[in-house]
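Undergrad: quick check, what structure comes out for this input:
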Amino acid sequence: MGGQRAVALLAMGVVLVHGAWHGSWCWDGVVAALDRRGILSTAVELPFTGFDDDVEAVRQGVLAMGPDAVVVAHSYSGFVVSNAARGRSDVRRLVYVASFMTDEDEDAPTIMTNYNSQLPDAVAIEGDQQVAIDPARARELFYGDLDEASAALLTARLRPISFASALGRQGPPAWKSIPSTYVICTNDSAIPVAAQRWMAQRANVVHELPTDHSPFNTRPEDLADIISQAG
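TA: All right, here's what the predicted structure looks like:
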């Protein structure tokens, strides 16, 4: 049985997709942790030039990884991944990490309002229809488990997301036909825990981590363990 499990892990590939305002860099610790487990992974860089562009970037990432991929979505990219993986036979499982695991008639603003999220108050529309996060609120919302200096370094790397990306709506979601795992982050100040638990009911497997919105920073080993189990 152990040998079969090892072969399965070697066969799987992981596609990691970051959330709004971040970049592929946020997955560096998880990529290293998966590598130590002998699991190939790649982190997709979303262009944030429009929702369809973000979806296409994930599709290309899955295509490059090859069959039997596990696709991991954080936060905003739950919408993206639920579109990009739809109808694909080369995706083994979807993993939603403090992410929007929504149906086609649901949207982020409504969910955030219904669950009293603090995040909408920290965003602003800038020139050229860009949605930016208030850097003074980033640690509170994203990096609450980190010290101020570490959070400041990450905040400096955040970038705006286009209004077109932020307003993207999905069609029938891939999680209805592909097995899924949800990782609830119980110290999250961006997507309220109650909202995560509501969405997590749709997943086949649910885990909880006592972490902020960004477990790839503070819990990369635990997250890598969950991802490897998902395969």
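Undergrad: so what does residue 23 have for phi and psi?
TA: The phi/psi pair for residue 23 (degrees, to the nearest 10) reads phi -150, psi 180.
Undergrad: let's have the chain start at 4 instead
TA: From this message on, residue numbering opens at 4, which makes the last subject residue 26.
Undergrad: residues touching it, list them.
TA: 48-49, 160, 162 (Cβ atoms under 8 Å, 6 or more residues apart in numbering). Bear in mind the C-beta positions are built from the backbone N, C-alpha and C, glycine included.
Undergrad: now this structure, which segments are flagged as low pLDDT?
TA: 4-14, 171 (pLDDT under 70).
Undergrad: so where do the helices sit in it?
TA: For the chain, helices defined by DSSP state H occupy the ranges 5-14, 31-39, 54-68, 80-87, 111-117, 138-145, 151-158, 166-169, 196-203, 218-221, 223-233.
Undergrad: kindly compare burial across those and name the winner.
TA: Burial of the helices of the chain is given as mean neighbour count (mean count of other Cβ atoms under 10 Å); helix 80-87 ranks first at a mean of 28.
Undergrad: quick check: nearest residue in space to residue 116, chain neighbours excluded?
TA: residue 123 (7.4 Å; Cβ to Cβ, 6 or more residues apart in numbering).
Undergrad: any idea what the spatially most central residue of the chain is bridged to?
TA: Residue closest to the average C-alpha location in the chain (Cα atoms, centre = their mean): residue 77, at 1.1 Å. In this structure, residue 77 bridges to residue 100 when assessed by DSSP bridges.
Undergrad: how about residue 135?
TA: Here residue 135, judged by DSSP bridges, has bridge partners residue 127.
Undergrad: please report how far it lies from residue 75.
TA: When distance is defined by Cβ to Cβ, to the nearest Å, residue 135 is 25 Å away from residue 75.
Undergrad: what's the answer for residue 56, then?
TA: 20 Å.
Undergrad: just residue 91 next, same as before
TA: For residue 91, the distance to residue 75 - Cβ to Cβ - is 15 Å.
Undergrad: and those two? Which one has more around it.
TA: Using other Cβ atoms under 10 Å as the criterion, residue 91 and residue 75 rank with residue 75 on top: 31 against 16.
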